[in-house]
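Peer 1: here is my input, please return the structure:
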Amino acid sequence: MTDRAALLAALEDAASALSEVAVSAGDAGDRTWSRGGIEFAVLTDTSTALRIGATIAAAALRTPDVTPSPRGSDWVSFAPQELDGHALDRLGAWFGAAHRRAVGSESNGPGEAGAVVRGGG
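Peer 2: Predicted coordinates:
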């Protein structure tokens, strides 16, 4: 199992390339990333939950180290056995998709989910 510090570093790197990202630490040591008050990623001791939308989640579930999240069908849990280049690519892409999905309301449509976000933050 990938250690939490490596996952945290990868998530912080992904967040640094995006705008309007807030991060908070929970009582149990969890880290939560949000945009506009909408949570889109959560790091726990054992995995990263990402709110990537039901369609992307359905496809993601067919990739290694991904399981359904108890947070709902818009979310997946990613717990890579090894944080290699492929896992880093998926984590970065899904983090970006989750960030874009957090724009607007919880009823983001296909057009909103594909919006381009520019600028660092």
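
Peer 1: could you count how many residues lie near E39?
Peer 2: Other residues near E39 number 17, with proximity taken as other Cβ atoms under 10 Å. Where you see a C-beta, it was placed from the backbone N, CA and C, and this is true even at glycine.

Peer 1: got it, and L61?
Peer 2: Counted with other Cβ under 10 Å, residues neighbouring L61 total 12.

Peer 1: could you do E12 as well?
Peer 2: By other Cβ under 10 Å, the burial measure for E12, its neighbour count, is 14.

Peer 1: doesn't it belong to a helix?
Peer 2: Yes: counting by DSSP: H, G, I helix; E, B strand; the rest coil, E12 falls inside a helix.

Peer 1: doesn't G72 belong to a strand?
Peer 2: No: under three-state DSSP, G72 falls outside any strand and is assigned coil.

Peer 1: now do the SS call for P64.
Peer 2: At P64 the chain is in coil, as set by three-state DSSP.

Peer 1: where's it relative to L83, distance?
Peer 2: From P64 across to L83, the span is 12 Å (Cβ to Cβ, to the nearest Å).

Peer 1: these two: who's more crowded?
Peer 2: L83 (17 against 11).

Peer 1: could you report the neighbour count for the residue found closest to the more buried one once you drop the neighbours it is linked to in the chain?
Peer 2: In space, L83 comes closest to T2 once its chain neighbours are excluded; the distance is 4.3 Å by Cβ to Cβ, 6 or more residues apart in numbering. Taking other Cβ under 10 Å as the neighbour definition, T2 ends up with a count of 20.
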